[in-house]
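[1] could you work out the structure for the sequence below:
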Amino acid sequence: MNRSMHRTIGFLAALALSGALGCANAGQALSTALATALTAPGALAQPAFQESFEAPATGNYSVVRAGQSFTTQRNTWSVTSGSVDVVNARVRTETVAADGAQLIDLAGSPGAGVMSASFPTAPGQRYTLSFAYARNNGIGANPALARVEVIGAATLLRAELQHASPTAFDVQRRFSQGFVADSASTSLRLTSLVGGNAGITIDAIRVTGDSVAGPRASRQSLVTNGGFEQPVVAHGRYQTFATGQSFAGWQVIGAARGNVAPISGSYRSAGITFGSHGGAQWLDMTGLTNSATGVQQTVRTQAGARYVLTFFLGNVSNPRGIFGTTSAIEVLVDGKSAGVFRNDGAIPGAQHWRERTVPIIAAGSTTRIAFINRDAASDNSCGLDDVSLVPSAGASN
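    Residues are numbered from 1 along each chain as shown. Here you go, the predicted structure:
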């Protein structure tokens, strides 16, 4: 990946929603019950969390300041810093709603606001957070910036947003990223990175369970550091490792002078936010060399047992820029090619992730899994994230 541009934006996440129960024991019991319900058959048909800010109803806009909270039709939100505005977009035409009439402007009167809410989750289950975002036209020519984080026992997702001209203020962009829950309660925190009275606007928030992850998530992956969360890199930055070097479970292989780069999910370049699929980081297979370089790891297996290798392949569509339009990775199992996998998906201004799976029958007590960059030398980004290897359904180690 070409590192010519660095911009740090932000968009955090964290909250707790148990005060309405009146007692800690009741809150814990409800949280446990809801988390259990999420693992029941058919539970993934309903969102784990959703919000459209249609309540409290306002005929113009309502300011919620630090230390205050507000209750919508589904959730309770706490404002911990600055202020946010609940806005009626049918009256305040400098804003636009994605679902219904109302939305949140994270830069209140004045901002910069920080707000959060929590929801029950099932540890080990994969979820997808999505929402629509635009900007309050009152910000003028200045960019609207915000940060989102999803937090459980650890930070599960962190990403940054920017909405600025030449994109019109009322053009809704769609954010969508995945995370794997690590606790029975998970928090979402949204933070404006600009002050004043106009900023990023948020609406139509959804957290849904990914049905593909349920059965596999219940079995622990044999891969170490499959989400490339180690080593921790600086916010909005990256760290390169050359062929022959190792980091946190992985060995870099391939081209003699090649390298790869664990990279922050808040990294930005050429107006694109290179968000991770899950967690805070991912692996850029192109590094600084755009060569046939990659990573490998040897895991313990049982000879003759069946496994499923799952990974997420990241792509940005930059047809007139340095990042190309398609990402390609070759998978090797014990040195033999299992195929070249591609992703040509596109999200304007963001990284698109696509799940890929490879069935494996282990040849021995260990199995070597490798990933090699197969992008063209002119393509400066190829993403890899959330690698897992688990026994096939009904199999055991």
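[2] ranges for the helices of the protein?
    For the chain, applying DSSP state H gives helices covering 24-38, 214-217.
[3] quick one: mean pLDDT for the longest one?
    Helix 24-38 comes out with an average pLDDT of 42.
[4] can you check stretch 138-151 too?
    For stretch 138-151, the per-residue pLDDT averages 91.
[5] now swap in stretch 244-255 and tell me
    Mean predicted confidence for stretch 244-255 is 95.
[6] pull up the distance across that stretch, start to finish.
    In stretch 244-255, first residue to last residue: 10 Å (Cα to Cα, to the nearest Å).
[7] strands along the stretch 1-150 of the chain, start to end?
    Ranges of strands within the stretch 1-150 of the chain are 49-51, 61-65, 69-71, 76-81, 83-88, 102-105, 114-120, 126-135, 144-151, based on DSSP state E, counting those that start in this stretch.
[8] what does the stretch 201-350 of the chain give?
    Taking DSSP E, counting those that start in this stretch as the criterion, the stretch 201-350 of the chain carries its strands at 241-242, 246-247, 250-254, 259-264, 268-269, 272-273, 281-284, 293-300, 306-315, 327-333, 336-343.
[9] in the last one, which residues are buried?
    For strand 336-343, the neighbour count (16 or more other Cβ atoms under 10 Å) marks 338, 341-343 as buried. C-beta: built from backbone N, CA, C; applies to glycine.
[10] which among these gets closest to residue 263?
    residue 343 (16.9 Å; Cβ to Cβ).
[11] what's the weakest-modelled helix or strand in this protein?
    Within the chain, no helix or strand scores below helix 214-217, which has a mean of 40 by mean pLDDT, DSSP states H and E.
[12] and residue 63, how many neighbours does it have?
    17 (other Cβ atoms under 10 Å).
[13] for the closest residue to residue 171 other than its chain neighbours, list each beta-bridge partner.
    Leaving aside its chain neighbours, residue 171 sits nearest to residue 134 (6.4 Å; criterion: Cβ to Cβ, 6 or more residues apart in numbering). Note on residue 134: beta-bridge partners residue 201, judged by DSSP bridges.
[14] quick check, residue 134 in contact with residue 201.
    Yes: in this structure, residue 134 is within contact of residue 201 by Cβ atoms under 8 Å, at 5.1 Å.
[15] what is the neighbour count of residue 144?
    Residues within reach of residue 144, counting by other Cβ under 10 Å, total 27.
[16] typed the wrong thing, it's residue 152
    So residue 152, with other Cβ under 10 Å, has 20 neighbours.
[17] domains of this structure?
    Listed domain ranges for the chain are 19-210, 241-391 (source: automatic domain parsing).
[18] highest mean neighbour count out of the strands of the stretch 201-350 of the chain?
    When the strands of the stretch 201-350 of the chain are scored by mean count of other Cβ atoms under 10 Å, the highest mean neighbour count falls to strand 281-284 (a mean of 26).
[19] ok now that one, how far from the chain's centre?
    Taking Cα atoms, centre = their mean, to the nearest Å, one finds the center of strand 281-284 at 12 Å from the center of the full chain.
[20] can you check stretch 372-391 too?
    17 Å.
[21] in that stretch, what's buried?
    Residues 372-375, 379-391 are the ones in stretch 372-391 that count as buried (16+ other Cβ under 10 Å).
[22] and that stretch, what's its mean pLDDT?
    Across stretch 372-391, pLDDT averages out at 94.
[23] for stretch 155-173, same thing?
    Average pLDDT, stretch 155-173: 86.
[24] and it, how far from the chain's centre?
    Centre to centre, stretch against its chain (Cα atoms, centre = their mean), the figure for stretch 155-173 is 14 Å.
[25] can you list the buried residues in it?
    For stretch 155-173, the neighbour count (16+ other Cβ under 10 Å) marks 155-163, 167, 169, 172-173 as buried.
[26] now the end-to-end length of it.
    24 Å.
[27] follow-up on the earlier one: so which of the strands of the stretch 201-350 of the chain is nearest residue 106?
    Comparing the strands of the stretch 201-350 of the chain by Cβ to Cβ, strand 272-273 comes nearest, at 16.4 Å.
[28] what is that closest one packed up against?
    Packing contacts for strand 272-273, counted by 3 or more Cβ pairs under 8 Å, 6 or more residues apart in numbering; DSSP states H and E, involve strand 155-163.
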